[in-house]
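Student: Sequence and predicted structure are below.
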Amino acid sequence: MKTKIDMRLKGYEAVEKIAQAGGNSARVYVPKHWKGQKVKVILLE
């Protein structure tokens, strides 16, 4: 069972998507203009 944690983040944009299968892992596509930028992915469920 996963334990929920509280986080507070400051950022510039946000997207909410479903991770899709990608080989032996999963992936989330983000907007092209985010390329080369630092991002964080948070598991919500």
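Tutor: It's in. Numbers count the residues shown, from 1 in each chain.
Student: Ignoring the adjacent residues along the chain, who's closest to residue 42?
Tutor: Leaving aside its chain neighbours, residue 42 sits nearest to residue 7 (6.9 Å; criterion: Cβ to Cβ, 6 or more residues apart in numbering). The C-beta positions use only the backbone N, C-alpha and C, and glycine is treated the same way.
Student: Count the residues that sit near the one you found.
Tutor: 7 (other Cβ atoms under 10 Å).
Student: so it touches residue 43, yeah?
Tutor: No - Residue 7 is not in contact with residue 43 according to Cβ atoms under 8 Å; the separation is 11.1 Å.
Student: ok, now which ones touch the most centrally placed residue in the chain?
Tutor: Nearest to the geometric centre of the chain sits residue 41, at 2.6 Å (Cα atoms, centre = their mean). Neighbouring residues of residue 41 by Cβ atoms under 8 Å, 6 or more residues apart in numbering: residue 28.
Student: Secondary structure element holding it?
Tutor: Assigned by DSSP states H and E, residue 41 belongs to neither a helix nor a strand.
Student: Give me the pLDDT value at it.
Tutor: We have a pLDDT of 93 for residue 41.
Student: next one: residue 44
Tutor: pLDDT, residue 44: 89.
Student: OK, contacts around it?
Tutor: With Cβ under 8 Å, 6+ apart, residue 44 has these contacts: residue 16.
Student: What of residue 28?
Tutor: Per Cβ under 8 Å, 6+ apart, neighbours of residue 28: 17, 19-20, 41.
Student: I'd like the distance between it and residue 3.
Tutor: For residue 28, the distance to residue 3 (Cβ to Cβ, to the nearest Å) stands at 22 Å.
Student: So what does residue 33 look like in phi/psi?
Tutor: The phi/psi pair for residue 33 (degrees, to the nearest 10) reads phi -70, psi 0.
Student: Pairing partners for residue 26 in the sheet, please.
Tutor: On DSSP bridges, the residues paired with residue 26 through beta bridges are residue 21.
Student: Quick check: the gap between it and residue 3.
Tutor: According to Cβ to Cβ, residue 26 stands 21 Å off from residue 3.
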